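Asker: Dropping a prediction and its sequence here:
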Amino acid sequence: MASPTVPAKGAAEHELPQTLIDRLASHVASDGAESATIPSPFTGEPLATVPISKADDVRKAYERARAAQRAWAELPAGERVKPFLKLTEALVDRRDEILDIIQLETGKARRHAMEEFLDVALCSLYYARRAPKLLKPKRRQGMMPALTRVRELRHPKGVVALIAPWNYPFALGASDIAPALMAGNAVIHKPDTQTCLSSLWVLDLLVSLGLPKDLWQIVVGEPSEIGDPLVENADYVSFTGSTRGGKAIAEKVASRLVAYSLELGGKNPMIVLPDADVERTARGAVRACFTNAGQLCISIERMYVHEDVYDRFVPRFAELVKGMKLGTGLDFDAEMGSLTHQRQLEAVNRHVDQAVKEGATVLAGGKARPDVGPLFYEPTILADVNGDMDLCANETFGPVVAVYKYRDEDEVVARANDTPYGLNASVWTKNPARGRRLAARIQAGTVNINDGYGAAYASYDSPMGGMKQSGVGRRHGAEGLLKFTEVQTIASQHFMDLEPPGSIAYDRFAGLMANGIKLMKKLHIK
């Protein structure tokens with residue numbers, strides 16, 4: 001049975017006003033000599049034309065950014081957060097406009113575009129409320145109580161290069177740029193060309209809310225043309241994308257000893273324990289596996305179901321997946337949208353076709369849907385997947401999940417951890433305490449209990465990132481802002497220095513110091 005579809009309302013629905021496109025395009029750091037056409041994933045027809053940046057455009061953008069950053073860094077943090085405090089209400093007031101743009105440039109369903117909207121609104125507000133306190137100078141314990149006074153200061157890195165992916169362009173652009181700017185930096189931002197409109201939109205909005213114009217600059221172009229000057233001029237590099245791309249960036253900046261953070265690929269497991277609520281878990285699995293057509297680095301691609309519940313859970317999960325509605329409408333009716341790039345469709349086809357040819361069983365989906373749109377692929381469940389299949393261990397990044405049966409917890413932990421990746425995981429159980437104990441054994445930066453990914457990711461007070469080859473560094477939490485700063489310790493010595501006072505012999509002074517350590521321990525001073 002093919003997945004049902006939601007009819008589109010007409011070609012005009014998939015167009016953007018030219019005046020809007022022109023205004024957004026004016027924010028690209030480019031001399032305008034060349035341009036690129038962005039196609040609509042829903043239709044394959046041209047959506048917008050934007051200027052392309054060249055290497056010299058990037059270098060000039062850095063010059064402007066450095067000039068703007070000096071003045072910006074001199075402002076108190078309480079002043080720097082003001083545009084972002086205004087941003088939340090502005091986003092809510094213009095919600096439909098940005099949801100349309102996200103859908104039209106990515107092809108995702110509106111309910112998944114809404115997740116991007118919520119992420120930018122809530123994450124930027126989190127940092128706007130907390131940045132002044134996080135960046136405030138802090139007193140630290142000195143070497144000698146009352147005699148050594150220590151302050152910890154936070155200085156901005158300077159100009160940050162931020163490279164954002166195409167799958168969540170609004171969220172993974174603006175939500176990372178906000179703390180970088182609040183920390184006192186300028187940002188040179190490279191979004192994917194296909195999905196640059198949403199970033200240009202929020203830049204346009206922030207400038208209208210008081211953000212200095214040259215502080216955040218967007219360059220659009222191919223990595224082969226602008227990648228080197230983008231990374232070579234940066235004081236810090238933030239990258240979200242493939243593990244292969246992250247390794248290349250780490251090698252590029254290593255010779256300059258420039259710090260970086262990388263959120264990379266994943267082959268994320270979901271574990272269904274024998275006491276899991278079948279209905280709740282099956283519905284949660286739909287969202288965990290097929291949000292944004294599976295084009296989500298924290299999406300579930302491997303599902304391990306206990307043998308006691310496998311025969312009840314898997315048929316119900318397959319039933320729900322077969323009933324998912326596909327569509328191109330700019331409303332909330334469709335449950336899944338399109339893939340974004342032709343190369344993603346080809347990768348999904350290749351993984352599924354090879355697996356089926358080598359013995360995998362299709363429980364739902366399994367084919368492209370050109371009748372809905374040129375890049376649509378049905379949400380797909382496969383069983384009988386083995387280690388000889390590319391789909392087993394390699395990230396598919398599409399609407400495909402493999403289901404496996406397991407017997408005990410030690411076995412499933414070993415299988416979940418048997419991967420070079422360690423980004424996200426999911427555990428389902430009626431006993432949260434049991435779930436937490438199991439979660440602590442999984443080698444992943446975030447583990448969600450009775451949720452696929454959102455519970456951990458959207459808890460902005462806690463850091464998010466990957467273990468093993470899924471990344472370096474974290475976004476969110478205090479670290480998500482402080483990583484964009486250089487920490488400095490300033491210590492002043494008072495009344496006496498570290499030499500014996502007066503005529504005291506050094507051996508006696510050394511004894512007094514040594515006995516002082518014991519006294520400080522006893523009095524809990526140290």
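Answerer: Yes, it's here.

Asker: Show the model's pLDDT score for the residue at minimal distance from the centre of the chain.
Answerer: Central residue of the chain (Cα atoms, centre = their mean): residue 172, 5.1 Å from the mean position. Here the pLDDT value assigned to residue 172 is 96.

Asker: so it touches residue 240, yeah?
Answerer: Yes: counting by Cβ atoms under 8 Å, residue 172 touches residue 240, with 5.0 Å between them. Where you see a C-beta, it was placed from the backbone N, CA and C, and this is true even at glycine.

Asker: Common neighbours of the two, please.
Answerer: Taking Cβ atoms under 8 Å, 6 or more residues apart in numbering as the contact rule, residue 172 and residue 240 both touch 164, 165.

Asker: picking up where we left off before, helix or strand: which one has the residue nearest to the centre of the chain?
Answerer: Here residue 172, judged by DSSP states H and E, is contained in helix 171-182.

Asker: Next, the angle helix 171-182 makes with the helix or strand just after that helix.
Answerer: Helices and strands here follow DSSP H and E; after helix 171-182, the next one along the chain is strand 186-190. Counting by axes from the mean of the first three to the mean of the last three Cα atoms, to 10 degrees, strand 186-190 lies at 160 degrees to helix 171-182.

Asker: after strand 186-190, next one along is what?
Answerer: helix 197-208.

Asker: which of the residues in that next one are buried?
Answerer: By neighbour count on 16 or more other Cβ atoms under 10 Å, the buried set for helix 197-208 is 197, 198, 199, 200, 201, 202, 203, 205, 206, 207.

Asker: Which of the residues you listed sits closest to residue 248?
Answerer: residue 199 (22.1 Å; Cβ to Cβ).

Asker: wait, residue 334 sits on residue 4?
Answerer: No: counting by Cβ under 8 Å, residue 4 is not a contact partner of residue 334; they are 9.9 Å apart.

Asker: Near residue 164, how many other residues are there?
Answerer: 28 (other Cβ atoms under 10 Å).

Asker: OK, contacts around the closest residue to it other than its chain neighbours?
Answerer: Using Cβ to Cβ, 6 or more residues apart in numbering and skipping the chain neighbours, the partner closest in space to residue 164 is residue 173 (4.2 Å). Residue 173 makes contact with 162, 164, 189, 191, 198, 199, 202, according to Cβ under 8 Å, 6+ apart.

Asker: The third one and residue 220 touch, don't they?
Answerer: No: checked against Cβ under 8 Å, the pair residue 189 and residue 220 is beyond contact range at 9.7 Å.

Asker: ok, longest helix in the chain?
Answerer: Longest helix of the chain, by residue count under DSSP state H: helix 110-135.

Asker: Remind me what that helix packs against, helices and strands.
Answerer: Applying 3 or more Cβ pairs under 8 Å, 6 or more residues apart in numbering; DSSP states H and E, we find helix 110-135 packed against helix 77-80, helix 82-93, helix 95-106, helix 171-182, helix 477-482.

Asker: Pick the most deeply packed of those.
Answerer: helix 171-182 (a mean of 27; mean count of other Cβ atoms under 10 Å).

Asker: quick revisit: from the buried residues of helix 197-208, which is closest to residue 427?
Answerer: Nearest member of the buried residues of helix 197-208 to residue 427, counting by Cβ to Cβ, is residue 198, at 32.6 Å.

Asker: quick one: pLDDT of the closest one?
Answerer: Looking at residue 198, the pLDDT reads 98.

Asker: by how many degrees do the helix holding residue 172 and helix 110-135 diverge?
Answerer: Interaxial angle, helix 171-182 versus helix 110-135 (the same axes, to 10 degrees): 20 degrees.

Asker: on that earlier part again, mind giving me a markdown table with the helices and strands packed on helix 110-135 and columns for distance to residue 66?
Answerer: Shown next, in a markdown table, are the helices and strands packed on helix 110-135 (distance: least, Cβ to Cβ, whole Å):
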| stretch | distance to residue 66 |
| --- | --- |
| helix 77-80 | 17 |
| helix 82-93 | 20 |
| helix 95-106 | 30 |
| helix 171-182 | 14 |
| helix 477-482 | 21 |
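
Asker: coming back round to it: more neighbours, residue 334 and residue 4?
Answerer: Neighbour count, other Cβ under 10 Å: between residue 334 and residue 4, residue 334 has more, with 25 against 13.

Asker: that older thread, the helix holding residue 172 versus helix 95-106: what angle between them?
Answerer: Using the same axes, to 10 degrees, helix 171-182 lies at 120 degrees relative to helix 95-106.

Asker: Show me where the stretch 351-500 of the chain has its strands.
Answerer: Along the stretch 351-500 of the chain, counting by DSSP state E, counting those that start in this stretch, strands occupy 361-364, 380-383, 400-406, 421-422, 424-428, 446-449, 467-468, 471-472, 485-493.

Asker: With residue 303 as the reference, name the closest of these.
Answerer: So among those, strand 400-406 is nearest, using Cβ to Cβ, at 4.7 Å.

Asker: Closest one of the buried residues of helix 197-208 to residue 382?
Answerer: Taking these together and measuring to residue 382 by Cβ to Cβ, the closest member is residue 198, at 32.4 Å.

Asker: quick one: the closest one and residue 376, what's the gap?
Answerer: To residue 376, residue 198 is 21 Å away according to Cβ to Cβ, to the nearest Å.

Asker: same question, residue 274
Answerer: On the measure of Cβ to Cβ, residue 274 and residue 376 end up 36 Å apart.

Asker: quick one: which of these two has more around it?
Answerer: Neighbours were counted for residue 274 and for residue 376 using other Cβ under 10 Å; residue 376 has more, 26 against 14.

Asker: got the contact list for the more buried one?
Answerer: Per Cβ under 8 Å, 6+ apart, neighbours of residue 376: 326, 337, 338, 339, 368, 369, 370.

Asker: How much space separates the nearest residue to it once chain neighbours are set aside from residue 104?
Answerer: Closest residue to residue 376 apart from its sequence neighbours, by Cβ to Cβ, 6+ apart: residue 369 at 4.0 Å. From residue 369 across to residue 104, the span is 19 Å (Cβ to Cβ).

Asker: hang on, the earlier thing: what residues are shared contacts of residue 334 and residue 4?
Answerer: Joint contacts of residue 334 and residue 4 (Cβ under 8 Å, 6+ apart) are 325, 326.

Asker: about what we covered before: each with direction, which strands does whichever helix or strand comes after the longest helix of the chain pair with?
Answerer: Next in sequence after helix 110-135, counting helices and strands by DSSP H and E, comes strand 138-140. Using DSSP bridges, strand 138-140 pairs in its sheet with strand 148-156 (antiparallel).

Asker: low-confidence ranges in this structure?
Answerer: Low-confidence segments of the chain, defined by pLDDT under 70: 1, 7-11.

Asker: Same question for the strand or helix carrying residue 248: list its buried residues.
Answerer: Per DSSP H and E, residue 248 falls inside helix 243-254. By neighbour count on 16+ other Cβ under 10 Å, the buried set for helix 243-254 is 243, 245, 246, 249, 252, 253.

Asker: so which of those would you say is closest to residue 467?
Answerer: The closest of these, once distances to residue 467 are taken by Cβ to Cβ, is residue 243, at 12.3 Å.

Asker: For the closest one, give me its contacts.
Answerer: 264, 265, 421, 469, 470 are the contacts of residue 243 under Cβ under 8 Å, 6+ apart.
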